[in-house]
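Enquirer: Dropping the sequence and predicted coords here.
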Amino acid sequence: MTTHAQASFNFVGNATTAAALLNPLRLEILERLREPDSASGLSRQMNLPRQKLNYHLRELEKHGLIEPVEERRKGNCVERIVRATARHYLISPQALGNLAADPSQVQDRFSSTYLIAAAARAIRDLAALRSSAEKAGKQLPTFTLETNVKLASAADLNAFSEELANTVARLSAKYHNEHDSRGRVFKFIIGSYPAVTHAGEPSAADSATKPQIAGKISKKGDPA
């Protein structure tokens, strides 16, 4: 039975597991199994036959999407208690194989297509790095910086982007060290896009407040 803490994320890296995950009923089962439960408990919650739920639970467990946490004896029967392997799931672009977006195949580095491809590559790389770190019992050092900046015009956007690029180039030249064998290469990705509203549309003039930087720096890194 499982004794470790529930993971925050489960990266799904192959097409077969992704297909098993994306069944609408299984998505609902996984959401309910953020807290441990049995087939009987799910049957009562979802008003579905236990036999049907048992089939889907077996498929989810086969693909590593749920895990057993306890067995309870009820009369002559043993009831298995299971839970989702993570609170949240993310399908890695790796699941698409050669169909996954690849920034090296995009010529226009200023296009939204390139930004999407770079973001997809970051997700794929992080999925692999987290998996390796988890197996080694190590932590993964990461850095995240996020902010909203209200720009008055396209000219201001261009000026901001140029100044940011020059600053990054200066910092890279200052800290990059090719000669230290103990060093480790880190990939930094900087991109921007119009902020969206909750409805998914580009935002208008939302606020006149100063931008707030939301960043995360950890010397020890995130738990795998």
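Expert: Perfect, I can see it now. This is a predicted model, so every value here is computed, not measured. Residues are numbered from 1 along each chain as shown.
Enquirer: Check the gap between the one residue sitting closest to the centre of the chain and A165 for me.
Expert: For the chain, the residue lying nearest the average C-alpha position, counting by CA atoms, centre = their mean, turns out to be L90 (4.9 Å). Relative to A165, L90 is positioned 29 Å away (criterion: CB to CB, to the nearest Å). Every C-beta, even on glycine, is put in place using the N, C-alpha and C of the backbone.
Enquirer: now do L21
Expert: Taken as CB to CB, the spacing of L21 relative to A165 amounts to 39 Å.
Enquirer: Tell me which of these two has more neighbours.
Expert: When L21 and A165 are compared on other CB atoms under 10 Å, the one with more neighbours turns out to be L21, at 19 against 11.
Enquirer: So that one is in contact with H63, correct?
Expert: Yes: using CB atoms under 8 Å, L21 makes contact with H63 at a distance of 7.3 Å.
Enquirer: who's I91 bridged to?
Expert: With beta bridges defined as DSSP bridges, I91 has these partners: V12.
Enquirer: where's it relative to G75, distance?
Expert: Between I91 and G75 the distance is 41 Å, computed by CB to CB.
Enquirer: ok, now Q107?
Expert: From Q107 across to G75, the span is 67 Å (CB to CB).
Enquirer: same deal with L53?
Expert: 20 Å.
Enquirer: neighbour count winner among the two?
Expert: With neighbours defined as other CB under 10 Å, L53 and G75 compare such that L53 has more, 20 against 6.
Enquirer: Show me what counts as buried in the helix or strand hosting the more buried one.
Expert: Element membership for L53, per DSSP states H and E: helix 50-62. Using 16 or more other CB atoms under 10 Å as the test for burial, helix 50-62 gives 53-54, 56-57, 59-60.
Enquirer: Format those as a markdown table; extra columns: distance to S181 and pLDDT.
Expert: Written out in a markdown table, the entries for those read as follows (distance: CB to CB, whole Å; pLDDT from 0 to 100):
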| residue | distance to S181 | pLDDT |
| --- | --- | --- |
| L53 | 55 | 97 |
| N54 | 55 | 96 |
| H56 | 51 | 98 |
| L57 | 50 | 98 |
| E59 | 47 | 97 |
| L60 | 45 | 98 |
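Enquirer: Can you tell me which of these is closest to F188?
Expert: Distance from F188 was checked for each of the buried residues of helix 50-62 by CB to CB. The minimum falls on L60, at 36.8 Å.
Enquirer: That closest one: what's it in contact with?
Expert: For L60, the contacting residues are 20, 26, 29-30, 66, taking CB atoms under 8 Å, 6 or more residues apart in numbering as the criterion.
Enquirer: any chance you could map the helices in the chain?
Expert: The residue ranges that make up the helices of the chain, judged by DSSP state H, are 15-21, 24-32, 39-46, 50-62, 112-136, 154-175.
Enquirer: for the second one, packing partners?
Expert: Think helix 24-32. For helix 24-32, the helices and strands in contact under the criterion 3 or more CB pairs under 8 Å, 6 or more residues apart in numbering; DSSP states H and E are helix 15-21, helix 39-46, helix 50-62.
Enquirer: Would you mind putting those helices into a markdown table with distance to A84 alongside?
Expert: Supplementary listing: the helices and strands packed on helix 24-32 in a markdown table, determined by distance: least, CB to CB, whole Å:
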| stretch | distance to A84 |
| --- | --- |
| helix 15-21 | 11 |
| helix 39-46 | 12 |
| helix 50-62 | 8 |
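Enquirer: Alright, calling it a day.
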